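Trainee: need a 3D model of the following:
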Amino acid sequence: MTRHTKIVATLGPASSSPEVLERMVQAGVDVVRMNFSHGTAADHKARAEGIRAAAAKFGRTIGILGDLQGPKIRVGKFENNRITLIADEHFILDAACKLGTQERVGLDYKDLPKDVRPGDILLLDDGRLKLAVDAVRGTEIHTRVLVGGELSNNKGINRQGGGLTAPALTAKDMDDIKTAAEIGVDFVAVSFPKSAADMYMARQLLRAAGSDAVLIAKVERVEAVDNLIEILDASDGVMVARGDLAVEVGDAAVPALQKKMIRLARDRNKLTITATQMMESMINSPVPTRAEVSDVANAVLDGTDAVMLSAETASGKYPVEVVESMARICVEAERSAEVTLDREFLDRVFTRIDQSIAMAAIWTAHHLKVKAIAALTQSGSTALWMSRLNCGVPIYALTPDAPSLSRMALFREVRPLLMAQQHVDRDQLLAEAESLLIDKGVVEPGDLIVLTIGEPIGSSGGTNTLKIVRVGEHQPTRS
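Mentor: Residues are numbered from 1 along each chain as shown. Below you'll find the model as predicted:
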């Protein structure tokens, strides 16, 4: 695989059959997303089994991401499923209403009347409809329609500028965390976190459920933008969730925020996923728009670890073709990316031995123009550090730990490979690594590679050795 940027694809009705899953694996999916906003626990378990079977068939490592629904604040249902809001007319959001009419609709978040005040702007259906709050009377929010249109059952509500107090983790999320642990997901995404405390709570619940999954914060609230550094520090990565984020901060602010989030995350050795409407026209079209091509390429050039597909693969007509298109765009964008390794090393200070070895490896690989970097790793930390800086050399992470293997499926530029590491002698292990890379067709005898390893063998966080090797020249001494 020559592509560095990873592809996350959401599974759904359009991508549940064994045939489609196998074709998506062949097309280049690296991580699949289980959207807990839809489907049952049984649905998610069946899809997890399906993707694992497809990955095993083709010898691929595919990670699984469980995406929690979070406190999606929505209107209730209507008598006739939908109404049409007319500009300048009045409309009531009523927490006590059971079934909506042309005049009012219920709320699934009953505390919304406590969160708003006259003058606030409420945005419905991802910002397509706009209401101005005139008054709050008990359970009723009286509004005037600023931008009208069709409003149907269960559409989302955002307050312009943020400020809604709904907790990040709902009772449903807590149940879904248990389901995620049972499935054995590799990543869990937390929706609508406002602070580090939300992420700490999610991590505690995950660990209590028996899961060591990587924790991803979905940045989609104004408060999350304000608290970005503390959320990053409490998480393993962030998702630039541009849908709800654009509604709260304004769509014009999102591109700059995307670049900022990716830069800050990479500086702190965190993962990044760029999501929402990346190839949305391909829900119904076999080809993307030119704007979508530019959007995906821009995220790649920003340095994101992964780009994500949502409805395009979950319910679209072309789940395989959209993965193929996204993969082509990523490869072309990466070819034009400037390698700025020398500049990126300026003013950096490394205080850990293992991190220093990782940085020395990519510096050496870049300047010696080696064929590959091979990091023998237990937890994947060494490979993660290497992947934070673009050196233009593929990184192969060799691990005996299956959970670490799947987690590394999201790391940009990293190709995880399972290696038994059955020796305790360093030279024997390095020879085993050489043989594996040759068997996989990654290197040939005579190629120059950089190897990193830790001693004592088998301990996590102990990478302390770097070796430059010409493949096939040296054989270990056997006792």
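Trainee: contacting residues around V247?
Mentor: Counting by CB atoms under 8 Å, 6 or more residues apart in numbering, V247 touches 123, 126-127, 158, 160. C-betas here are computed from N, CA, C, even on glycine.
Trainee: so where do the strands sit in the stretch 251-400 of the chain?
Mentor: For the stretch 251-400 of the chain, the strands defined by DSSP state E, counting those that start in this stretch cover 271-275, 306-309, 372-376, 395-399.
Trainee: so L466 sits in a helix?
Mentor: No. L466 is assigned strand when assessed by DSSP: H, G, I helix; E, B strand; the rest coil, not a helix.
Trainee: could you shift the numbering so residue one becomes 90, and keep it that way?
Mentor: I'll keep to 90 as the first residue from here, and by that count the last item is L555.
Trainee: for S370, see how far away it is.
Mentor: 47 Å (CB to CB, to the nearest Å).
Trainee: helix, strand or coil for the residue nearest to V274 when sequence neighbours are not counted?
Mentor: Spatial nearest neighbour of V274, chain neighbours left out: G155 (4.2 Å); criterion: CB to CB, 6 or more residues apart in numbering. Under three-state DSSP, G155 falls in the strand class.
Trainee: G155 reaches A270, doesn't it?
Mentor: No. If you go by CB atoms under 8 Å, G155 and A270 don't touch, sitting 9.0 Å apart.
Trainee: shared neighbours of those two, anything?
Mentor: A302.
Trainee: higher neighbour count, the two?
Mentor: G155 (26 against 20; other CB atoms under 10 Å).
Trainee: distance of that one relative to T402?
Mentor: As for G155, its distance to T402 is 16 Å (criterion: CB to CB).
Trainee: quick revisit: kindly give a single ChimeraX line that selects the buried subset of the contacts of V336.
Mentor: In ChimeraX syntax, the buried subset of the contacts of V336 is picked out as below (16 or more other CB atoms under 10 Å):
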select :212,216,247,249
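Trainee: give me the subset of the contacts of V336 lying in helices.
Mentor: Secondary structure defined by DSSP state H assigns none of the contacts of V336 to helices.
Trainee: need the contacts of V336 in TSV with pLDDT and distance to R171, can you?
Mentor: Shown next, in TSV, are those (pLDDT from 0 to 100; distance: CB to CB, whole Å):
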residue	pLDDT	distance to R171
L212	95	18
D215	86	16
G216	90	18
N247	92	20
Q249	92	23
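Trainee: out of the contacts of V336, list just those in strands.
Mentor: Residues of these located in strands (DSSP state E): 212, 247.
Trainee: of the contacts of V336, which is the nearest to E502?
Mentor: D215 (33.2 Å; CB to CB).
Trainee: tell me who's in contact with the closest one.
Mentor: By CB under 8 Å, 6+ apart, the neighbours of D215 are 245, 332-333, 336.
Trainee: can you check P534 too?
Mentor: Listed by CB under 8 Å, 6+ apart, the contact set of P534 reads 527, 560-561.
Trainee: on that earlier part again, who does the residue nearest to V274 bridge with?
Mentor: Judged by DSSP bridges, the bridge partners of G155 are M123, V277.
Trainee: that'll do, ta.
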